[in-house]
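J.: Any chance you could fold what I've pasted below:
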Amino acid sequence: MPFEADLAHALDRTTDSLEPDLSTILGTAVERGRRRRRRRSAGVVAGVGACAVLAAAGLLIPGALAGNRFAGSAIEPAAPAAPRSAVTGAQMIQALEMTFPGGRFSQETGQDNNPSDPSGGFVANGELLVDDGQGAALVGVSALRLRLPLGDGDGLSCERTPARAAGDTCTLSELPSSAAVPGGAVVMSERNAARQPAGADTARRWTVTVTLKSTGAQLQLVQWNSTGGGTGADTPKPTRSAPPLSEQQVVAALTGAAWAPILGAVG
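T.: Numbering: from 1, shown residues only. Predicted structure coming up:
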């Protein structure tokens with residue numbers, strides 16, 4: 001299984017290097033001003049300050065590896081809090097499948113969180129390949145809880161150092177308070193190319209992060225237009241031009257019935 005093979009690399013991939021050691025990961029994360037990891041399997045690195053990341057999808061990580069402010073930025077990294085109750089990997093996969101009705105699924109992998117043990121991971125996640133008839137795509141999702149009050153951390157701010165590459169985008173918006181989103185939510189939407197300079201044959205990922213203001217519960221869904229994530233030439237070629245779901249569809253799904261139990265369990 002790719003998961004077991006990838007775990008052998010421990011904390012392996014970042015946006016700038018495919019197989020650095022831990023010191024390189026930390027140094028690169030601070031230099032780039034974001035806590036991110038790029039994994040190409042369906043696994044999770046859990047621990048090291050209760051920090052975990054879904055493989056391949058390139059999910060944002062709260063600033064738990066080191067409680068330091070990002071170099072060159074006034075933004076404080078977001079810090080995770082213990083989820084209120086456990087969420088299993090099977091629950092994450094089930095909700096992920098409900099997010100893509102009618103899709104054909106394969107290579108499904110999920111990871112439980114562990115509210116009682118930070119070293120076991122405060123993040124629950126899931127990953128799978130979905131084929132909706134328009135081309136197979138790798139999708140992944142994570143669920144965690146941030147400490148309140150919320151600050152300008154990952155999933156809450158588009159500021160970064162250095163500046164984003166040409167063509168990469170980030171937008172912030174807010175959802176008003178409603179029955180589905182009590183207290184409202186912050187929505188961050190990103191599009192990033194797997195390598196630069198990007199061309200027609202460059203894979204891209206679309207990331208939507210929804211954070212509830214009242215509880216700190218956060219869901220992040222990542223979609224690739226290829227069958228695998230990563231960086232550089234190592235990333236598979238695109239299988240489609242756009243992600244399976246638009247930003248509006250993702251936000252509607254993450255704040256809908258399929259994910260409500262998970263948001264409630266996390267926050």
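J.: Could you use CA atoms for every contact and neighbour count after this?
T.: Noted.
J.: Give me the buried stretch members for stretch 180-193, please.
T.: 181, 184-193 (16 or more other CA atoms under 10 Å).
J.: now swap in stretch 255-262 and tell me
T.: Under 16+ other CA under 10 Å, the buried positions of stretch 255-262 are 255, 258-260, 262.
J.: Using TSV, please lay out the residues you listed together with secondary structure.
T.: Below are those laid out as TSV (DSSP: H, G, I helix; E, B strand; the rest coil):
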residue	secondary structure
255	coil
258	coil
259	coil
260	helix
262	helix
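J.: how about the strands in this structure?
T.: Assigned strands in the chain, in chain order: 80-81, 104-111, 124-131, 136-146, 169-175, 185-193, 204-212, 217-224 (criterion: DSSP state E).
J.: Let me see the mean pLDDT of the third one.
T.: To tie it back to what came earlier, the one meant is strand 124-131. Mean pLDDT, computed over strand 124-131, is 96.
J.: Then the longest one?
T.: Strand 136-146 shows an average pLDDT of 96 in the prediction.
J.: between that strand and strand 104-111, how big is the angle?
T.: Angle of strand 136-146 versus strand 104-111, following axes from the mean of the first three to the mean of the last three CA atoms, to 10 degrees, is 30 degrees.
J.: can I get the buried residues of stretch 180-193 in TSV with distance to residue 267 and pLDDT?
T.: Converted to TSV, the buried residues of stretch 180-193 look like this (distance: CA to CA, whole Å; pLDDT from 0 to 100):
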residue	distance to residue 267	pLDDT
181	12	94
184	14	97
185	13	97
186	15	95
187	17	96
188	19	95
189	21	95
190	24	94
191	27	94
192	29	93
193	32	92
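J.: Tabulate the strands of the chain (a markdown table), appending distance to residue 157.
T.: What follows is these, written out as a markdown table (distance: least, CA to CA, whole Å):
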| stretch | distance to residue 157 |
| --- | --- |
| strand 80-81 | 16 |
| strand 104-111 | 26 |
| strand 124-131 | 22 |
| strand 136-146 | 14 |
| strand 169-175 | 7 |
| strand 185-193 | 7 |
| strand 204-212 | 11 |
| strand 217-224 | 14 |
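J.: Just put the buried residues of stretch 180-193 in a markdown table and tack on distance to residue 216.
T.: Formatted as a markdown table, the buried residues of stretch 180-193 follow (distance: CA to CA, whole Å):
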| residue | distance to residue 216 |
| --- | --- |
| 181 | 12 |
| 184 | 11 |
| 185 | 9 |
| 186 | 10 |
| 187 | 12 |
| 188 | 14 |
| 189 | 18 |
| 190 | 20 |
| 191 | 23 |
| 192 | 25 |
| 193 | 29 |
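J.: Specify which member of the residues you listed is nearest to residue 246.
T.: residue 189 (10.4 Å; CA to CA).
J.: so the closest one makes contact with residue 157?
T.: No. Checked against CA atoms under 8 Å, the pair residue 189 and residue 157 is beyond contact range at 10.1 Å.
J.: can you list residues touching both of these two?
T.: Each of residue 172 lies in contact with both residue 189 and residue 157 under the rule CA atoms under 8 Å, 6 or more residues apart in numbering.
J.: Show me which of the buried residues of stretch 180-193 is closest to residue 227.
T.: residue 193 (14.4 Å).
J.: What residues are bridge-paired with that closest one?
T.: Beta bridges link residue 193 to residue 204 when assigned by DSSP bridges.
J.: What residues does it make contact with?
T.: Residue 193 touches 167-168, 202-205, counting by CA under 8 Å, 6+ apart.
J.: Who wins on neighbours among those residues?
T.: residue 203 (28 neighbours; other CA atoms under 10 Å).
J.: And that residue, how close does it get to residue 107?
T.: Distance of residue 203 to residue 107, given as CA to CA, to the nearest Å: 19 Å.
J.: swap in residue 188?
T.: Relative to residue 107, residue 188 is positioned 27 Å away (CA to CA).
J.: Please, where are all the helices along the protein?
T.: Using DSSP state H, the helices assigned to the chain run over residues 2-7, 22-32, 89-99, 247-254, 260-266.
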